[in-house]
Structure formats: structure tokens, C-alpha cells
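K.L.:
Here's my sequence, what's the structure:
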Amino acid sequence: MTRLIIFLTIFLSIYGAMHLLAYLGMRPLLVKREHIRRPVLFFMLLMIAAPILVRLLERLDLEGSARLLAIVGYSWMAFIFLTFAGFVAVFAWDLLLPLLSRRRPALADWKLHGPRCALLIPSLALLLSIYGVFEAQNLTVETLSIPTDKLPADAQPLRIAQISDLHLGLLHRHGKLEQVVRRIEALKPDLLVATGDIVDARLDHLDGLAAIFQRLNPPLGKYAVTGNHEYYAGLDQALDFLEKSGFTLLRDRATRVGPLMLVGVDDPAGGHSVDEATLVDPADRCYFTLLLKHRPLVTPGEEVFDLQLSGHAHRGQIVPFNFVTALEYPLQNGLYRLTTGALLYASRGTGTWGPPIRVFSPPEITLIELIPRRTPQP
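P.N.:
Reported below is the predicted structural model:
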């Protein structure tokens, strides 16, 4: 209970501060329009509380109301963040202007904040939010080709499909999952892996989703690890859903899958962590070793893995939030070669969290092709 109170206090403080600065930015438009200003303030207060109210309505089994408020509240979240970011840039410029104008006096009249800017910034934020709705539907396939000596030289390339951060719940349901499954079916992977946050909320009202997942039957199977949202949604329920969907859960363990050694670890949201390197038997390091880990963080001992697949950060989901997520997850988008020689791939995610919107960070399915190095002919 204490942790929940701390979380809510931090969330409401940060989200409230974003609204306050956005309101101050728009104030030149509202200061002489009392009939508009008061409804705007009331609506902002409602939107600050909306994410919490959504969860309360969901727990009360008021699914329709929860879904409607989620669509409005989370879409507003994207809009207010973009508005906030725009006014941060405007206020920063105006604060620096006296210093800049000392060197270049011509800049003295270039103050940005005013009625025009108060209209322009929210207008741009609205346009970007509308664009982001369409970008969130633009599911891309990112293809990686990785040569390796750890597959037989005469073997065919091995195709691994990765999904991550699908966030099935109030906003992502049958339509989104159908889109994802159809794309994976077309890729015809040998193996499907899910690197966490496949679910986002209660699943008792999402009948039929497991059956959609069951259509995917790659030759080497389907494997999944937990993300933080599996814990938020209710771990037992989330694991039951993944198992019904046909996934084998890798919870701090390794297993041999064809020519691969597959290792999966639980997300630390569960309250514990494991030394990942100890999960791999030294005798098995001759196999190409794939680590499934929700968060794109590197821990000591990574040299025992050939490739780590992660997600979690969404590359910020909405630019410029990627600069914020990069502070904690600098390896948040694409393929990285670590100092140990191992590789890490961080997915942008297959769905969205919160706002059903993405701005300059489209959702993805990742297709990794492991290509055997051919022995040179004499």
C-alpha cells in the first residue's frame, strides 16, 4: 500500500506539473475568456485523474466506461505531453534571450511566448497527435541478418520473430492482435519469442485472444518472458493467458531449442533478480545462446550470450520522450554490439502503452535471421 501511495504521489505531481506548465503556456489565449478558462481547468483536472479512474472503473467491471475514458484520457496524455514539450522549449528560449541578446542585440525582440505561440504550440501538438494515431497502426517489420559460427555450416538460415510490449488490454484487442498474427504468419519464422508486456490489464474480458495466438505454430515453438506489466495486470492471470496462447514461459531458466540455447529471465518488477550467466551450463556455450530479457540493460556475464532481445523502452513512443527514456535505457532502439562482443537488440515495441499514439517511433515486429558462416572452399 505504501508503494502505491508513493507511486500515485509521484505520478500526480509530475503529470500535474505538465498540465500546469501547458496551462501557463496557453494562458494568453484564456486570460480574458473566463467562460472558456474554467471549463478548460476542470477538464485538465479530470484528465490528470483519468489514468487512475480508468483502473478504478476497470476493477468495478465498468468496462465500457473504462474503455471510453481510456481512449480520451490516454489520447489527451499524448497531446498534453507534446504541448508541454513545446512550451518547455519556448520558455527556455525566452529565459535565455537576455543572455543571448547581449552578444546579438538583434535577438532582443525575438521573444516567443504570447498569444500566437499560445495557439501555435497546442495546434502543432494536436496535429502530431493525429499523425501519431496513424503511425501507431503502421506496423513495420525490422529484419536483422546475423552471421554465426555456432550453426552448422550446411544449415539453412534460422528465422526468429520477436514481439514485445503488445500491451493487450482496454485499448489493444482483437483487431491489433489479428494484425500482428497475420504479419507473423506471412514471415513464416522458425521460432517466435515474446519479450514481455504482452498484457497490460485484466484479461477476463478479452475472450478469444488466446485462440488468435494459437494460430501461430512455428516449428521450434513459442517462448515468452515476463515484463513489468505482467505483474501489474496480475501475474497468475497473465501467465495463464500466455500458456493458453501456446507460449512456453522461461522464468529464470535455460532450455535447448533446436540448434539454440534459449535463456529467459523474469522482469525485476517481481521483486527479485537472478545472475543470468549462471543459467547457462558452460558445456552448452557451444550453442548460439539467445537471452530473452524485457529491459534493455546489460549485466556482468553478458559474454556468455550471443544475442540479447529486449523491449520495454518503446524508444520513448512519442518524440521527444525518447530523450527521457534514454537516461535510464541508453540502448533503447535497434542493434548494439557490446564490449564483450555480444549483441543486444532493443525493440521499439509492437503495441503502445498509455496513449494509442506513436510519434516518430513506429511499432515493430522484429525478424532475426541467423545465418551460418559457410566454410570456404579450397
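K.L.:
what does the domain assignment say about this protein?
P.N.:
2-135, 140-372 (automatic domain parsing).
K.L.:
Do you have the helices of the stretch 51-200 of the chain handy? List them.
P.N.:
Using DSSP state H, counting those that start in this stretch, the helices of the stretch 51-200 of the chain run over residues 63-103, 115-135, 174-187.
K.L.:
Any chance you could spot the residue sitting in the middle of this structure?
P.N.:
With distances taken as CA atoms, centre = their mean, H314 lies nearest the centre of the chain, 3.1 Å away.
K.L.:
Okay, and L220 sits in which element?
P.N.:
Assigned by DSSP states H and E, L220 falls within no helix or strand.
K.L.:
Please apply the same query to H294.
P.N.:
When elements are assigned from DSSP H and E, H294 belongs to no helix and no strand.
K.L.:
So for it, what pLDDT did the model give?
P.N.:
pLDDT for H294: 98.
K.L.:
How about M1?
P.N.:
At M1, the model reports a pLDDT of 67.
K.L.:
Could you do H205 as well?
P.N.:
Note for H205: predicted pLDDT of 66.
K.L.:
Could you do D165 as well?
P.N.:
D165 is given a pLDDT of 98.
K.L.:
Chain neighbours aside, what residue packs nearest to it?
P.N.:
G349 (3.3 Å; CB to CB, 6 or more residues apart in numbering). Using the backbone N, CA and C atoms, a C-beta is placed for each residue, glycine as well.
K.L.:
where in the stretch 101-250 of the chain is pLDDT low?
P.N.:
106-107, 204-206 (pLDDT under 70).
K.L.:
Where do the strands of it begin and end?
P.N.:
140-148, 158-163, 191-195, 222-225, 248-249 (DSSP state E, counting those that start in this stretch).
K.L.:
Against which helices or strands is the third one packed?
P.N.:
Looking back up the chat, that one is strand 191-195. Counting contacts by 3 or more CB pairs under 8 Å, 6 or more residues apart in numbering; DSSP states H and E, strand 191-195 packs against strand 158-163, strand 222-225, strand 288-292, strand 307-310.
K.L.:
swap in the shortest one?
P.N.:
The criterion is 3+ CB pairs under 8 Å, 6+ apart, and the helices and strands that strand 248-249 contacts are strand 222-225, helix 235-244.
K.L.:
what's the offset of the longest one from the middle of its chain?
P.N.:
Counting by CA atoms, centre = their mean, to the nearest Å, helix 235-244 is centred 20 Å from the centre of its parent chain.
K.L.:
That one - contacts with which helices or strands?
P.N.:
So helix 235-244, by 3+ CB pairs under 8 Å, 6+ apart, packs with helix 209-213, helix 228-233, strand 248-249.
K.L.:
Alright, I will stop here.
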